[in-house]
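S.K.: Structure of the sequence below:
(2 chains, ligands or ions: 1)
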Amino acid sequence: MTAPQPEGTEATKSPGIEYFPKSKPWRMADGALHLLGMRCPHCGAKAFPARSVCHACGRDDGMETVELVPTGTLYSFAEIHAAPKGFPTPYVIGFVDLDDGVRLLGQVEHRAAELGMDEKVQLVEGVIRTRGDGTKVVSYKFRRRSS
Amino acid sequence: MMNNAYVAGVGMTRFCKMPERSFEEIGQEAVLKALKDAGVERDAIEEVFCGSALTGRSMGQRVLRDLGMTGRPITNVENACSSGSTALREACTAIAAGRAETVLVLGIDQLTRLGGGTIPGVETDLDPNLGMVMPALYAMRARRYMQETGATRVHLAKVAVKAHEGGQLNPYAQFRNPVTVEEVLASRMVADPFSLLMCCPTGDGAAAAVVTTKKKAAALGKKLIRVAGTALQSGLYKPGFRDLTRSELTERTAKLAYEQAGIGPEDVDLAEIHDAFVIAELMYYEALGFCPPGGAPAFLESGATRINGSKPVNPSGGLLCRGHPVGATGIAQVCEAVWHLRGEAGERQVEGAKVALTHCTGGGVSGLDHGSCAINILVA
Ligand SMILES: [Zn+2]
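M.R.: Alright, predicted model coming up:
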């Protein structure tokens, strides 16, 4: 229910590219990536990915799909030098607190030495790994916000 | 109701890479040592609980078949890094329920079967697909912890140096060499700010314990060691902000274990804690109440947690040096605790130890502090 969808729809498939999650739960607007998450109409809780049961209050009726804000603050990060196959080492991952309160893990488009704690970042679309057959996996990632 | 189980015997293999041995053979070595240590025959065992996380299915049956010990209830327990500790808790429950008097607990994993590298994540979870690996999760904790407390990479390195002081003295440890701060800092980078020697190694091993009633334990003539507290909790799901510099899960589990045992952190004579990565040891000093929040770097530097300090932590070398065959770790901690409480820990003996705490926590599940945490308190 909360897991990434196992099958992509035809509309989200392109040659040599796949999306993660496969359902491509985001919308691009003005260069920014808006993730589609859940909002509970009963208690106001938000979460990503979208789901049909509220983790906070337990209600299972009427969960809304909403766009999360595309900006947030980098809480912490690590530069990974030893990773499973296909990830482009070294790469940085970080926890980001979006401005509407949802925390996300994702890759950050910079080296660790260029980044600071609590830096303002925004969501963008980009390649996160390359499969053995050359397929690029595209997902959401973070970029420093140009000020 | 959970506090009437006694550990009558323990045994373990050395933890190391043993790709040439079968996991059945590794497990059998630990079981036979524990039975012999307890002085019980195989037929005295009424139930078995086997903790393992990554090696296979029906692990208890596979290990016990050739020892002729199947045919009784065998419960296989998977709870990531807490698998072995959780199995011990279940054994205590079986005794408290009056269902069995003498129970065997086994913890086992053989990580060399996985082909090396970091432990793979679960493919349906978000974070591993995005590039998360376990060292990076702790590395992010470390970076934030350093920012908020002023701790440095030298503090992180000193955790590893201390671990190697214990490991050097422990014949069961995977690493038995001393290291310096400079060597730790200069080892190759794994997940910045962690270098290789700031991360526990992968390896193979098994550990076992015979748990029984007070009456049976007394009849066996061993020093009585009671499981005075055994607590298990799971992580809370928080899709928003979480303070990664403290472990709410370990704090919550410790509170329950201390309450059951009727003691506080000041009463603990030695602790075996889950130092999978150097920052974990510092965070858990605080979460277990050994020092105030933010006080761990100074507490480490005071020498309090060395073998001859006021609060010895991981005299075995911990996960960093003894090693971490995931499901085996919780029971290896119990072995270590029992040896200290009996005064049988040799060169690394914590003198006069009467109360030992064992702590495991792990299992990467996106949105949780950890999958689970299990704490056992043993009292001589
Ligand atoms: Zn709700």
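S.K.: what about residue B:280, helix or strand, and which?
M.R.: Using DSSP states H and E, residue B:280 sits within helix B:278-287.
S.K.: Who are the packing partners of that helix?
M.R.: Other elements packing on helix B:278-287 under the criterion 3 or more C-beta pairs under 8 Å, 6 or more residues apart in numbering or on different chains; DSSP states H and E are helix B:134-149, helix B:153-168, helix B:248-261, helix B:296-301. (Glycine included, C-beta is placed from N, CA and C.)
S.K.: Would you mind giving the ones you listed as JSON lines with distance to residue B:61 and mean neighbour count added?
M.R.: Shown next, in JSON lines, are the helices and strands packed on helix B:278-287 (distance: least, C-beta to C-beta, whole Å; neighbours: other C-beta atoms under 10 Å in any protein chain shown):
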{"stretch": "helix B:134-149", "distance to residue B:61": "29", "mean neighbour count": "23"}
{"stretch": "helix B:153-168", "distance to residue B:61": "33", "mean neighbour count": "23"}
{"stretch": "helix B:248-261", "distance to residue B:61": "30", "mean neighbour count": "20"}
{"stretch": "helix B:296-301", "distance to residue B:61": "42", "mean neighbour count": "20"}
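S.K.: Now render those as JSON lines, adding mean pLDDT and distance to residue B:313.
M.R.: Formatted as JSON lines, the helices and strands packed on helix B:278-287 follow (pLDDT from 0 to 100; distance: least, C-beta to C-beta, whole Å):
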{"stretch": "helix B:134-149", "mean pLDDT": "96", "distance to residue B:313": "17"}
{"stretch": "helix B:153-168", "mean pLDDT": "98", "distance to residue B:313": "8"}
{"stretch": "helix B:248-261", "mean pLDDT": "98", "distance to residue B:313": "13"}
{"stretch": "helix B:296-301", "mean pLDDT": "98", "distance to residue B:313": "9"}
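S.K.: what's around residue B:218, how many residues?
M.R.: 13 (other C-beta atoms under 10 Å in any protein chain shown).
S.K.: Kindly apply the preceding question to residue B:337 instead.
M.R.: 32.
S.K.: And the strands in the stretch 251-380 of chain B?
M.R.: Taking DSSP state E, counting those that start in this stretch as the criterion, the stretch 251-380 of chain B contains strands spanning B:270-272, B:355-362, B:372-379.
S.K.: who's in contact with the helix holding residue B:280?
M.R.: Helix B:278-287 is contacted by residues B:138-139, B:141-142, B:145, B:151, B:155-157, B:159-160, B:163, B:194, B:198-199, B:245-247, B:250-251, B:254, B:273-275, B:291-297, B:299-300, B:305, B:313-314, B:318, B:320, B:359 when judged by C-beta atoms under 8 Å, 6 or more residues apart in numbering or on different chains.
S.K.: For chain A, see how far away residue B:51 is.
M.R.: 26 Å (C-beta to the nearest C-beta, to the nearest Å).
S.K.: just checking, that residue touches residue B:78?
M.R.: Yes: with contact defined as C-beta atoms under 8 Å, residue B:51 and residue B:78 form a contacting pair (7.5 Å).
S.K.: who's more crowded, these two?
M.R.: Neighbour tally, residue B:51 and residue B:78, criterion other C-beta under 10 Å: the higher count belongs to residue B:51, 36 against 18.
S.K.: do the helix or strand of chain B with the lowest mean pLDDT and chain A meet at all?
M.R.: Lowest by mean pLDDT, DSSP states H and E among the helices and strands of chain B is helix B:126-129, with a mean of 90. Yes: using C-beta under 8 Å from any C-beta of the partner chain, helix B:126-129 reaches chain A at B:126, B:127, B:128, B:129.
S.K.: Return that helix as CSV; C-alpha atoms alone will do.
M.R.: Written as CSV, here are the backbone C-alpha positions of helix B:126-129 (Å, rounded to 0.1, in the frame of the first residue of the first chain):
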residue,chain,number,x,y,z
LEU,B,126,12.2,3.9,-0.5
ASP,B,127,15.6,4.7,1.0
PRO,B,128,17.8,1.9,-0.4
ASN,B,129,16.5,2.6,-3.9
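S.K.: Contacts for that helix next, please.
M.R.: Here helix B:126-129 makes contact (C-beta under 8 Å, 6+ apart) with A:4, A:20-21, A:49, A:84, A:105, A:139, B:120-123, B:364, B:366.
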